[in-house]
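model the following, please.
(chains A and B)
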2 protein chains.
Amino acid sequence: MARIVMKFGGTSVADLDRIRNVAARVKAQLDAGDEVAVVVSAMAGTTNQLVDWCQKLSSLFDAREYDAVVATGEQVTAGLVAIALQNLGVDARSWMGWQIAVETDGQHGKARIDAIESEELLSRMGQGQTPVVAGFQGIGPDNRITTLGRGGSDTSAVALAAALGADRCDIYTDVDGVYTTDPRIVPQARKLARITYEEMLELASVGAKVLQTRSVELAMKERVRVQVRSSFSDAPGTMVVDEDEVVEQEIVAGIAYSRDEAKITVRRVPDRPGIAAAIFVPLAEAHINVDMIVQNVAEDGTTDMTFTVGKADFARANAVLEQARERIGFVEITTDQNVAKLSVVGVGMRSHAGVAGTMFHTLAERGINIQVISTSEIKVSVLVAAEYTELAVRALHTAYDLDA
Amino acid sequence: MARIVMKFGGTSVADLDRIRNVAARVKAQLDAGDEVAVVVSAMAGTTNQLVDWCQKLSSLFDAREYDAVVATGEQVTAGLVAIALQNLGVDARSWMGWQIAVETDGQHGKARIDAIESEELLSRMGQGQTPVVAGFQGIGPDNRITTLGRGGSDTSAVALAAALGADRCDIYTDVDGVYTTDPRIVPQARKLARITYEEMLELASVGAKVLQTRSVELAMKERVRVQVRSSFSDAPGTMVVDEDEVVEQEIVAGIAYSRDEAKITVRRVPDRPGIAAAIFVPLAEAHINVDMIVQNVAEDGTTDMTFTVGKADFARANAVLEQARERIGFVEITTDQNVAKLSVVGVGMRSHAGVAGTMFHTLAERGINIQVISTSEIKVSVLVAAEYTELAVRALHTAYDLDA
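Model prediction:
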């Protein structure tokens, strides 16, 4: 007997037939002798509708009211899934965040879970009851509903798995696992049987949006074994686990890409101490995430500073820089939104030289110019012109022997 | 300065424009110097959708899960109205039933309010905050969400008005008041400036569905002055008040009709003590409400028993009676679903003779046969063939001098 958290995303509960399918899957797991806690997202499309209403009523909507509104999506699904389970003879009941309670901080709209009271749930599970928990939501110190930010139900599921001491957290979604790269671009992409938390984090943060980044960070911290699998097939998915569990580590786990970033170059800034702070502190104060940063060697006492920001923040980033023009002392800003970030990810590269070299060589062979390079322990990322995205991903996938 | 509860029904919050309109109305009331608490229903259509999902997943759905699902409709509206109010500069916040708390009994799906904790709301209203309360919902002794039954937001509003000691409870709806009869049938129908609780109750229970019956009972018990008015016009509505407040009482306040009932006659039952109980106890046990009951004088040791039930309960009532056939000892059951109940309502008839006589005479003049008669202190109801409904209502409206 295992204790398993089963989390179902929005497409898995998009209509009544799919909710019945979810109930059948949970019943099968129970019939296999396991203890199960279910976590559900809102029906696909619901959250977008609710967010849209809030935004249309006020561009500066109160995040506390936003939370009360959007949390209803998961509340509906939790009740409906409980009814569908009862209809199959399962003793199920729904739990809202405030009932459990899932205690969060007071950052409405993007709250973080502080603690989950698990005693009552564990006691009921021991008596054969299956909790169906509304994901994405908790309760803040002000006794008001909080939500965890988009994709937060993944984090709810992992946090619940940690609180319940679950053997596994199965994330059911509309893809059947984590692939070596996007199968829409590379048909030979392979589903990975296992991937480490670190690799999953790097893949998630560079655009392979299978799991919310925070859920992976939490799983890594709490050592929760996460399985990404499809609600629509019985095939095993991808296990996201600790590095120790991955026996035969490939050097490179996968190739990710993102076309969501824009490049900004601040040209001919004075080459003196404090100049980086003059540029990046105002951006940070405006809550703009900066990703790749490159500073060229100075010539004639001036230098160029290049970095990337999310396209959603692009206009705001430019405005912030213009406001700080005098303090920074730059001559001009040049920008490029037609860029793609390509990343090669793998924990194996810690102990293997030549991974970056293979990347640069492969791209050069195809005549693809590298604009910016940035590296971490387990990742090499480059910025190239967006039009080369598919060509580059395919070439890299082959170069690292990832083709099926 | 007055303290006013403003309640907005589903059609009044059906879309974002109407929600903005609601916010503007509340702001105007605040600008007039009044203290306001707002109560809202779900957006029109939402509750039906949610109920439909529950029913489709299981015909025997768990009422506790049903409550968790359907209560979300009012939660969404409360948050959106709070946002719309804030957008007009009003310090507003939403309150769910469990946050206030609106304490109810444990009868999920049709709970009754036991108490409303009003201190926090009153304190905040004193500081200038406007609460926006999700109607229709409360919290049961099991710490789970309860709902009050269809139309329950009216009851929420009246109960809140009582708890807050409000001067008035304004029920905003899609009609602009209570009329002497249905204006779709009688164009000369007049809007009543005032009506007593008792009259409103009789009108509501016979099919003039402006207010939920329980809300009127509660208003009468707690002496809450209720105003029924339109969200879409500034015209004053109808005040539902204590009899003392109605100075110049008309003998007849209005004419109501209902085509929602069916007639059942149990023929040739033995005329002996206990026979009425043998018929009506099984129906009561099956939670079937019986309305008009007539027993004819016995002939040859047998009698006929005629009564009406709601059409929704008609098939079930017949089944219950067939099961009890041996115990009752009847010869046959005859039924008629093509009937209409007409009611003349007015507290003035307590002190005026001849009201019933006018009704019978008026119908006889039009050649309309009366099948069943039932009377209360302030009401005379008759059952006639459904095809005469409009003719009869018009004739009675004229006969009692109600035409504008």
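
and the worst-scoring helix or strand of chain A on mean pLDDT, what does it pack onto?
Every helix and strand of chain A was ranked by mean pLDDT, DSSP states H and E. The lowest is helix A:197-205, at a mean of 84. Under the contact definition 3 or more C-beta pairs under 8 Å, 6 or more residues apart in numbering or on different chains; DSSP states H and E, helix A:197-205 sits against helix A:213-222, strand A:238-241, strand A:254-258, strand A:339-345. Yep, even glycine has a C-beta here, placed from its N, CA and C like the rest.

residues making contact with the first one?
Spelled out, it's helix A:213-222. A:112, A:148-149, A:151-152, A:154-155, A:157-159, A:161-162, A:169, A:171, A:197-198, A:200-201, A:204-205, A:224-226, A:240, A:242 (C-beta atoms under 8 Å, 6 or more residues apart in numbering or on different chains).

what of the last one?
Contacting residues not belonging to strand A:339-345 are listed as A:199, A:202-203, A:206-207, A:252-259, A:261-263, A:291-292, A:308, A:355-356, A:359, A:371, A:378-386, A:388-389, A:392-393, A:396, A:400 [C-beta under 8 Å, 6+ apart].

so what strands line up beside it?
Strand A:339-345 has the following strand partners under DSSP bridges: strand A:254-258 (antiparallel), strand A:379-385 (antiparallel).

mind checking which of the ones you listed is nearest A:Lys191?
Of all the strands paired with strand A:339-345, strand A:254-258 sits nearest to A:Lys191, with 10.6 Å by C-beta to C-beta.

run the chain-centre distance for that closest one.
13 Å (C-alpha atoms, centre = their mean, to the nearest Å).

let's see the helix or strand immediately after that strand in the chain as PDB, backbone CA atoms only.
Going down the chain from strand A:254-258, the next helix or strand is strand A:261-270, by DSSP states H and E. Extracted C-alpha coordinates of strand A:261-270, given in PDB (Å, rounded to 0.1, in the frame of the first residue of the first chain):
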ATOM      1  CA  GLU A 261      12.100  37.000 -24.000                       C
ATOM      2  CA  ALA A 262      13.300  40.200 -25.600                       C
ATOM      3  CA  LYS A 263      16.900  41.500 -25.800                       C
ATOM      4  CA  ILE A 264      17.900  45.000 -24.600                       C
ATOM      5  CA  THR A 265      21.300  46.500 -25.100                       C
ATOM      6  CA  VAL A 266      22.200  49.700 -23.200                       C
ATOM      7  CA  ARG A 267      24.900  51.200 -25.400                       C
ATOM      8  CA  ARG A 268      28.000  53.100 -24.500                       C
ATOM      9  CA  VAL A 269      27.600  53.400 -20.700                       C
ATOM     10  CA  PRO A 270      30.600  54.700 -18.700                       C
END
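
helices and strands around strand A:261-270, which ones?
If contacts are counted by 3+ C-beta pairs under 8 Å, 6+ apart, strand A:261-270 sits against helix A:275-285, strand A:302-310, helix A:314-323, strand A:332-336, strand A:339-345.

and the angle from the least confident helix or strand of chain A to strand A:254-258?
Using axes from the mean of the first three to the mean of the last three C-alpha atoms, to 10 degrees, one finds that helix A:197-205 and strand A:254-258 are set 30 degrees apart in direction.

tally of neighbours for A:Gly151?
Using other C-beta atoms under 10 Å in any protein chain shown, the number of residues around A:Gly151 comes to 19.

kindly report the residues of chain A close to chain B.
Residues of chain A lying close to chain B by C-beta under 8 Å from any C-beta of the partner chain are A:16, A:19-20, A:50, A:53-54, A:56-58, A:60-62, A:64-69, A:71-72, A:75-76, A:78-80, A:82-84, A:86-87, A:93-94, A:96, A:98-99, A:143-145.

so what's whatever residue of the stretch 101-250 of chain A ends up closest to chain B up against?
Closest contact between the stretch 101-250 of chain A and chain B, by C-beta to the nearest C-beta, is at A:Asn143 (6.4 Å). When contacts are counted by C-beta under 8 Å, 6+ apart, A:Asn143 touches A:Trp98, B:Gln99.

cool, the one 4 residues further on as well?
For A:Thr147, the set of contacting residues under the criterion of C-beta under 8 Å, 6+ apart consists of A:Tyr66, A:Asp67, A:Val70, A:Ala71, A:His108, A:Gly109, A:Lys110, A:Ala111, A:Phe136, A:Gln137, A:Gly138.

element containing the last one?
A:Gly138 is located in strand A:137-139, with elements delineated by DSSP H and E.

and the residue lying closest to A:Thr173 once chain neighbours are set aside, backbone torsions?
Using C-beta to C-beta, 6 or more residues apart in numbering or on different chains and skipping residues adjacent in sequence, the residue nearest A:Thr173 is A:Gly9, 4.7 Å away. Phi and psi for A:Gly9, reported as degrees, to the nearest 10, are phi -80, psi 180.

number of nearby residues for A:Thr180?
26.

go on, A:Phe280?
15.

check contacts around it.
A:Phe280 neighbours (C-beta under 8 Å, 6+ apart): A:Val290, A:Ile293, A:Phe307.

I'd like the helices and strands packed on helix A:197-205 as a markdown table, with mean neighbour count and distance to A:Val175 appended.
Listed next are the helices and strands packed on helix A:197-205 as a markdown table, based on neighbours: other C-beta atoms under 10 Å in any protein chain shown; distance: least, C-beta to C-beta, whole Å:
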| stretch | mean neighbour count | distance to A:Val175 |
| --- | --- | --- |
| helix A:213-222 | 20 | 15 |
| strand A:238-241 | 24 | 9 |
| strand A:254-258 | 26 | 13 |
| strand A:339-345 | 25 | 17 |
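
of all those, which lies closest to A:Ala276?
Closest among the helices and strands packed on helix A:197-205, using C-beta to C-beta: strand A:339-345, at 20.9 Å.

tilt between the closest one and strand A:261-270?
100 degrees.

report how many residues lie close to the residue nearest to A:Thr173.
Using other C-beta under 10 Å, A:Gly9 is surrounded by 23 other residues.

doesn't the residue of the stretch 101-250 of chain A closest to chain B lie inside a helix?
No. Checked against DSSP: H, G, I helix; E, B strand; the rest coil, A:Asn143 lies outside a helix; its state is coil.

surely A:Val382 and A:Thr362 touch.
No. Judged on C-beta atoms under 8 Å, A:Val382 makes no contact with A:Thr362 at a distance of 10.7 Å.

and for chain A, the residue most distant from the center?
A:Asp300 (42.9 Å; C-alpha atoms, centre = their mean).

re the thing from before, buried subset of the contacts of strand A:339-345 as a ChimeraX selection?
Buried residues among those (16 or more other C-beta atoms under 10 Å in any protein chain shown), as a ChimeraX selection:
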select /A:199,202,203,206,207,252,253,254,255,256,257,258,261,262,263,291,292,308,355,359,371,378,379,380,381,382,383,384,388,389,392,393,396,400
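
related to what we said a few turns ago, residues in contact with the residue nearest to A:Thr173?
Contacts of A:Gly9 by C-beta under 8 Å, 6+ apart are A:Ser41, A:Ser153, A:Ile171, A:Tyr172, A:Thr173, A:Asp174, A:Ser231.

looking at the residues you listed, which are in helices?
Here DSSP state H is the test, and the contacts of A:Gly9 give A:Ser153 as lying in helices.
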